[in-house]
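[1] got a structure for you, letters missing:
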């Protein structure tokens, strides 16, 4: 049995090894570990808060270079930065393809930074829970910023946007006709679009791309939590460390506005309620499939439904009758 | 109280008014109606089977004209055709915008046809259940074909594809660069692509569009239930009644192959299991929110989660403790 109180104390003291072990604990699928993880999260409390930033970008846009350069800029300002990766695609292959730590070598050696590679998880639901809880652990460990990185496969951006305070989309310069390539759903959740690689030969294309996206953003419906002028598109060069200060200023401006207007807290509360409902659904399914009697009952009903002997609705009612339904 | 046995008898006798009333019953949100609807579906049995065809096409592709002309061609062959509409967007405005019956005037007067406009429903989940159960009712009423039409907003195609045997995508002629406009997800579920309006000035563009899509389909991964040469793209003109026989032949060829190979029944069984799981989820949520004690408990926990006093996971466990979880 893990000593929860000792682990909580070490995490709160900013012990990076304790933090790493705590994240491993919340990632575990074992029931005993799950109990310990919930006890740990409870013991850690919720008095410390980091700015949670979601960052999305498809491979090739220079995401690692950006995170490394941006992260180092922040740690030089004495901010503590944690980087978590959400990558359901690499998850399928049983771990991170890119090797998060090696691709951000300088940042990973920085004592004020903490980088956690993608875990091997099989479904986005599990990734979502693990990431949310890892964010809480990083906050309890005293980090000022938690950067949650996603490669933009499937629904992962939406999931990450639902657990972060700001959502940043990193793009590479492209021809105007490629604008359609970005899924509309991602444009709709982005607070800040950074067109990276605005250096050398790509400076002019980057500026044109930025202007295309700025135009597209203007055409979109204003959202509730948008400060004047947001969402915004700007150019950066992670390679030449250009525009990163400006990007950080924009993030702080928007965050400050949201804090003043109450949107910051309201969004966090709404996110918490969303995840509560998701957890409830997951726990209910678990309840139905772990209880042996219920499971047997379900299998029989599923056979009836498969064979067309019962409608899905009638079978669902019958399944829940022992819980007081139907 | 509705006389279920009498209604079941009338539906099975092909009484169109009884069928319309039965569909209204399955659409109802009232608990007593829900009980009656489940009893009715149970009484009707599952011995009759129609070919279920999903049809998607954005406004402007000539969907109404196609359904009318295609439907009339089938009824002239003595086939009984039912048309159901799934339209979450019109649902939001409280009913069908287009007025399904008036836009298919000749077909709606045909005694061998039955057209049911979109109901006013607020969410796709409700639309899905209503449509699945309406399909069963049409089958029990002796229809040979059930055409389930969707306008292709959001996730509705996927939902429709999960309750039909064949999925047909209707498209209008377009420039080659517009090919990207069709969501990849829809291409992936289509069994047959019909490029409509292959008449007059649009004949040449339609042929080019067909060829573009045929090329795109060839690049896609082969699916399990695909007969040789499928998915396929062909040209039709609903206006000039051209290519509709060929389209029907393709549908019959693919269906016959799937029946022989066992894919037809296997897919229906898998679909039934999918909807069983969905119903189970919905019923569990209903169970939690209708029980007064549980609801009060949930509200309190939601407040704790909102305020950050509890993690979503811990709150979900606490919520389910009375059901035997946690």
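    On my side now, so go ahead. Bear in mind the structure is a predicted one, so any value in this text is a computation, not a measurement. Numbering: from 1, shown residues only, chains lettered A, B, ... in the order given.
[2] once you drop chain neighbours, what's closest to whichever residue of the stretch 1-150 of chain A sits closest to chain B?
    Of all residues in the stretch 1-150 of chain A, residue A:46 sits closest to chain B, at 4.1 Å by Cβ to the nearest Cβ. Where C-beta positions appear, they are placed from N, C-alpha and C, glycine not excepted. Of all residues not flanking residue A:46 in the chain, residue B:308 sits nearest, at 4.1 Å (Cβ to Cβ, 6 or more residues apart in numbering or on different chains).
[3] got the residues of the stretch 151-300 of chain A near chain B?
    A:177, A:180-181, A:268-270, A:272-273, A:275-276, A:278-288, A:291, A:298 (Cβ under 8 Å from any Cβ of the partner chain).
[4] next step: the residues you listed restricted to helices.
    A:268-270, A:272-273, A:275-276, A:278-288, A:298 (DSSP state H).
[5] just the buried ones from the residues you listed?
    Buried subset of these (neighbour count, 16 or more other Cβ atoms under 10 Å in any protein chain shown): A:268-269, A:272-273, A:275-276, A:278-284, A:287-288, A:298.
[6] which two among the residues you listed are spaced furthest apart?
    Pairwise distances across those peak at 36.4 Å for A:268 and A:298 (criterion: Cβ to Cβ).
[7] can you pull out the helices in the stretch 151-300 of chain A?
    A:156-161, A:184-189, A:203-219, A:244-261, A:263-290, A:292-306 (DSSP state H, counting those that start in this stretch).
[8] for the second one, which helices and strands make contact with it?
    So the one you mean is helix A:184-189. In terms of contacts (3 or more Cβ pairs under 8 Å, 6 or more residues apart in numbering or on different chains; DSSP states H and E), helix A:184-189 is packed against helix A:156-161, strand A:166-171, helix A:203-219.
[9] tell me which other helices or strands the first one touches.
    What it means is helix A:156-161. By 3+ Cβ pairs under 8 Å, 6+ apart, helix A:156-161 packs against strand A:51-56, strand A:81-86, helix A:124-140, strand A:145-150, strand A:166-171, helix A:184-189.
[10] for residue A:245, give me its contacts.
    residue A:73 (Cβ atoms under 8 Å, 6 or more residues apart in numbering or on different chains).
[11] and it, how far from chain B?
    31 Å (Cβ to the nearest Cβ, to the nearest Å).
[12] local confidence estimate at the residue nearest to the spatial centre of chain A?
    Of all residues in chain A, the one closest to the mean position by Cα atoms, centre = their mean is residue A:160, 3.2 Å from it. On pLDDT, residue A:160 comes in at 93.
[13] low-scoring stretches of the stretch 1-150 of chain A, by residue?
    A:1-2, A:87-102, A:118-125 (pLDDT under 70).
[14] got the residues of it near chain B?
    Residues of the stretch 1-150 of chain A lying near chain B (Cβ under 8 Å from any Cβ): A:38, A:41, A:42, A:46, A:129, A:132, A:133, A:136.
[15] now do the SS call for the nearest residue to the first one once chain neighbours are set aside.
    Think residue A:38. Take residue A:38 and drop its neighbours on the chain: the residue closest to it by Cβ to Cβ, 6+ apart is residue B:314, 5.0 Å away. Here residue B:314 is helix, with the state taken from DSSP: H, G, I helix; E, B strand; the rest coil.
[16] surely residue B:314 meets residue A:40?
    No - counting by Cβ atoms under 8 Å, residue B:314 stays clear of residue A:40, with 10.8 Å between them.
[17] which of the helices and strands packed on helix A:184-189 sits most buried?
    Using mean count of other Cβ atoms under 10 Å in any protein chain shown, the stretch among the helices and strands packed on helix A:184-189 with the largest mean neighbour count is strand A:166-171, at a mean of 25.
[18] could you give the number of residues near residue A:294?
    Neighbour count for residue A:294, taken as other Cβ atoms under 10 Å in any protein chain shown: 17.
[19] just give the closest residue to it, not the sequence neighbours.
    Once flanking residues are discounted, residue A:294 sits nearest to residue A:288: 5.3 Å by Cβ to Cβ, 6+ apart.
[20] buried set for the helix or strand harbouring residue A:7?
    Using DSSP states H and E, residue A:7 falls within helix A:4-12. Residues A:4, A:7, A:8, A:10, A:11, A:12 are the ones in helix A:4-12 that count as buried (16+ other Cβ under 10 Å).
[21] equivalent analysis for stretch A:132-146, please.
    By 16+ other Cβ under 10 Å, the buried positions in stretch A:132-146 come out as A:132-141, A:143-146.
[22] just the endpoints, please. Distance across that stretch?
    11 Å (Cα to Cα, to the nearest Å).
[23] same check on stretch A:233-247?
    Per Cα to Cα, stretch A:233-247 runs 9 Å from first to last residue.
[24] show the average pLDDT along it.
    96.
[25] report the buried residues of it.
    Neighbour counts using 16+ other Cβ under 10 Å place A:233, A:234, A:235, A:236, A:237, A:238, A:239, A:242, A:243, A:244, A:247 of stretch A:233-247 among the buried residues.
[26] next one: stretch A:245-255
    A:247, A:248, A:250, A:251, A:254, A:255.
[27] domain ranges for chain A?
    Listed by automatic domain parsing, the domain ranges of chain A are A:1-45, A:47-260, A:273-323.
[28] redo the ones you listed as JSON lines? Include distance to residue B:26.
    Below are the domains of chain A laid out as JSON lines (distance: least, Cβ to Cβ, whole Å):
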{"stretch": "domain A:1-45", "distance to residue B:26": "40"}
{"stretch": "domain A:47-260", "distance to residue B:26": "31"}
{"stretch": "domain A:273-323", "distance to residue B:26": "9"}
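[29] count the residues that sit near residue A:150.
    Neighbour count for residue A:150, taken as other Cβ under 10 Å: 30.
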